[in-house]
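A.B. asks: test case, fold it:
(one chain, ligands or ions: 2)
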Amino acid sequence: MHVTPEVTPIPCLKDNYAYLLRCPSTGLIGVVDPSAAQPLIKVLRDKGWGLDYIFNTHHHWDHIGGNEELKKQFPSIRIFGHQSDQGRIPGQTDGVQDGQVVRFGAFDGFVIHNPGHTSGAITYVWGNAAFTGDTLFAGGCGRIFEGSPQDMYFSLHQKIGLLPPETRLYFGHEYTEKNLQFSLDVEPTNHKAQELLKEVSKLRSEGKFTTPSTISQEFATNPFMRTTELEIQKRVCELEPDADLSPVSVFRVLREYKNQF
Ligand code: ZN
Ligand code: FE
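C.D. replies: Numbering: from 1, shown residues only. Ligands and ions are numbered 1, 2, ... in the order given. Okay, the predicted model is just below:
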């Protein structure tokens, strides 16, 4: 019995990842965030697979760009997104909300509503695999476009952060190397981040992916998950001398600093 669908990262556009999912017991196929249709159609053709589901994490163009073309090719496809994104996710057939069960083949997964990057941003979880879109990246988090630092902090710490530590995180962009450079700027003595940056730089120089991460890796190396660390708080005091050092305030200062890093 499989615990998690088979996952294949498909690089799209400049640095996006779409993730192809396969349920081994039913043969059903899904894709998370098809940025563009062509790279997926090519892989599906090579493998001789159809496509049954699209799972969108949010409405941004670089995550939904392939929806319409894929729907033309596979007219009976179901397209999932947050219920509040109905109207801005092309072809959406299913609106889901926080905690809702999302069945994919033999897997009963669920949705986490994690607003902040956008108001309808969601994470899909099947077994020990979580698809976080632009909310939680390896070493970083998404920009706050539709929400407050408080929203994003809550989404990262009180929602996604509560998943089991071994959960694999499949994120939406290959930003890991730059994110870890930022992590070491704000927490230079983080040895795990230093080690990981070395590994990641090697992978990238060989053209390899850094996805997936894990929850435990993020708590160890991602400054946005480490707002109570003394060294990070000291850096925040340098960046904004009158900032208070509550976790949300530290998070806000880090996020603003990252925007121009
Ligand atoms: Zn986005
Ligand atoms: Fe994106």
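
A.B. asks: these two touch, right, W49 and R22?
C.D. replies: Yes - counting by C-beta atoms under 8 Å, R22 is a contact partner of W49 at 7.3 Å. C-beta here means a position set from N, CA and C on the backbone, and glycine is covered the same way.

A.B. asks: which residues are common contacts for these two?
C.D. replies: Common contacts of W49 and R22 (C-beta atoms under 8 Å, 6 or more residues apart in numbering): I29.

A.B. asks: so between those two, which is more surrounded?
C.D. replies: R22 (18 against 15; other C-beta atoms under 10 Å).

A.B. asks: ok, that one - contacts?
C.D. replies: 5-6, 8, 28-30, 49.

A.B. asks: and the helices in the chain?
C.D. replies: Along the chain, counting by DSSP state H, helices occupy 37-47, 61-64, 67-73, 149-154, 176-186, 191-205, 215-221, 230-239, 247-259.

A.B. asks: ligand 2: which of those helices is closest?
C.D. replies: Nearest to ligand 2, of all the helices of the chain, is helix 61-64, at 4.4 Å by C-beta to the ion.

A.B. asks: hmm, who's touching the closest one?
C.D. replies: The contact list for helix 61-64, computed with C-beta under 8 Å, 6+ apart, reads 12-13, 16, 33-35, 56-57, 89-90, 133-134, 172.

A.B. asks: buried members of these into PyMOL, please.
C.D. replies: With 16 or more other C-beta atoms under 10 Å as the criterion, this PyMOL line picks the buried residues out of the contacts of helix 61-64:
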select buried, resi 12+16+33+34+35+56+57+89+90+133+134+172
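
A.B. asks: now, which of the contacts of helix 61-64 lie close to ligand 2?
C.D. replies: Among the contacts of helix 61-64, the residues within reach of ligand 2 (C-beta under 5 Å from the ion) are D134.

A.B. asks: which one of the contacts of helix 61-64 is nearest K71?
C.D. replies: P90 (7.7 Å; C-beta to C-beta).

A.B. asks: give me every residue that touches that closest one.
C.D. replies: Applying C-beta under 8 Å, 6+ apart, we find P90 in contact with 64, 67-68, 71, 79.

A.B. asks: can you report phi and psi for it?
C.D. replies: Torsion angles at P90 (phi, psi; degrees, to the nearest 10) stand at phi -60, psi 130.

A.B. asks: which positions in the stretch 51-200 of the chain make contact with ligand 1?
C.D. replies: Taking C-beta under 5 Å from the ion as the measure of proximity, the stretch 51-200 of the chain contacts ligand 1 at 60, 134.

A.B. asks: pLDDT score for H2?
C.D. replies: On the pLDDT scale, H2 is placed at 77.

A.B. asks: any idea how many residues pack against the closest residue to it other than its chain neighbours?
C.D. replies: Leaving aside its sequence neighbours, H2 sits nearest to P24 (C-beta to C-beta, 6 or more residues apart in numbering; 5.4 Å). P24: 12 surrounding residues under other C-beta under 10 Å.

A.B. asks: please apply the same query to Q158.
C.D. replies: For Q158, using other C-beta under 10 Å, the count is 10.

A.B. asks: tell me the spacing between it and Q150.
C.D. replies: From Q158 across to Q150, the span is 11 Å (C-beta to C-beta, to the nearest Å).

A.B. asks: now do T189
C.D. replies: Relative to Q150, T189 is positioned 29 Å away (C-beta to C-beta).

A.B. asks: these two: which has the busier surroundings?
C.D. replies: Using other C-beta under 10 Å as the criterion, T189 and Q150 rank with Q150 on top: 14 against 9.

A.B. asks: low-confidence ranges in the stretch 1-150 of the chain?
C.D. replies: Across the stretch 1-150 of the chain, the ranges flagged by pLDDT under 70 are 1.

A.B. asks: please enumerate the strands of it.
C.D. replies: Remark: strands assigned in the stretch 1-150 of the chain by DSSP state E, counting those that start in this stretch are 6-12, 16-22, 29-32, 53-55, 78-82, 94-96, 101-104, 107-113, 122-126, 129-133, 136-137, 140-141.
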